[in-house]
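J.: how would this look folded up:
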Amino acid sequence: MAVFDPYFFKLCEKSGLIYLGNQDVNGEDVLTITTNDLGNFGEGGALIKQDTVNIKINPVNDAPINTIPQNQITVDEDTDLVFTGDKLIRISDVDANEGTGELKVTLAVTQGRLTLQQTTGLTFASDNSNGTQIIFTGTVTDINQALESLVYRGNENYNGSDTLSIITDDLGNTGSGVIPPVKNTIAITVNPVMMLQSLLLFLPPKLLKKILV
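T.: Residues are numbered from 1 along each chain as shown. This is a model prediction of the structure:
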């Protein structure tokens, strides 16, 4: 009698026994086969034979995941937008730590400027933690701590649409197969704000004269 865990093995009519490792697991496993003749037949009672088969599970690279806000992102012009709370951006990679543990992240916008206020543990491609594009490497933990401090500010007096893109490259960490960088985008709406100078243009001349006196 062969004993096996039905969650991990199944008998296939054409292929025989099929083994499937746990999700995202690699390394060594052992298949134990115990055969009992149930006493068939003769003297001496049941006889039991046990054998083992060593199984090596090769690592396969899993893609990183960018978790981005699902709600609409809005901010007034000339005002900081901080990506915290329900605006938080995070990354994850189940097998990054099996290699160097580092990933590369690229953040970019077209109508504003990005700033990382927390940069501990990060290495920047151009020695800057702010700009229209920021490229850096670090561990998942350090990157997520930095993303908690991410600030967006639109260009001066700009209002309209902008897009924040986040591209995460796992740098081959870790396993066989080539995983392309994962890209996600976040739409940002920059609301117009009536400036005092603009408001004064619509005031009657007499009222304007009283205000300016």
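J.: what about the residue nearest to I134 when sequence neighbours are not counted, distance to T137?
T.: Leaving aside its sequence neighbours, I134 sits nearest to L107 (CB to CB, 6 or more residues apart in numbering; 4.7 Å). All C-beta atoms are positioned from the backbone trio N, CA, C, and that covers glycine. Separation of L107 from T137 (CB to CB, to the nearest Å) stands at 13 Å.
J.: looking at those two, which is more packed in?
T.: Neighbour totals were compared for L107 and T137, and L107 leads with 21 against 18 (other CB atoms under 10 Å).
J.: can you count the residues close to T79?
T.: 12.
J.: ugh, wrong one, I meant L147
T.: With other CB under 10 Å as criterion, L147 counts 21.
J.: find the least confident helix or strand in this protein, judged by mean pLDDT.
T.: When the helices and strands of the chain are compared on mean pLDDT, DSSP states H and E, helix 196-200 comes out lowest with a mean of 53.
J.: how about P59, nearest residue that isn't a chain neighbour?
T.: The shortest distance from P59 to any non-neighbouring residue, by CB to CB, 6+ apart, is to G175 (3.4 Å).
J.: need the contact list for that neighbour.
T.: By CB atoms under 8 Å, 6 or more residues apart in numbering, G175 lies in contact with N26, N58, P59, V60, N61, D62, D95, E98.
J.: give me the neighbour count for I68.
T.: The number of residues packed near I68 is 16, by other CB under 10 Å.
J.: shaky segments in the protein?
T.: 1-15, 195-213 (pLDDT under 70).
J.: recalculate using a threshold of 80.
T.: In the predicted model of the chain, residues 1-16, 24, 26-27, 41-42, 44, 59, 127, 194-213 satisfy pLDDT under 80.
J.: mind listing the residues bridging to the residue nearest the centre of it?
T.: Taking CA atoms, centre = their mean, the centroid of the chain lies closest to I91, which sits 2.5 Å from it. Going by DSSP bridges, I91 is paired in beta bridges with N66.
J.: and it, what is it in contact with?
T.: Listed by CB under 8 Å, 6+ apart, the contact set of I91 reads P64, I65, N66, T67, L103, V105, V140, I143, N144, L147, I166, T168.
J.: measure the residue of the chain most remote from its centre to T79 for me?
T.: Within the chain, the residue lying farthest from the chain centre (CA atoms, centre = their mean) is E43, at 63.9 Å. Distance of E43 to T79, computed by CB to CB: 91 Å.
J.: ok, now L107?
T.: Taking CB to CB, one finds L107 at 19 Å from T79.
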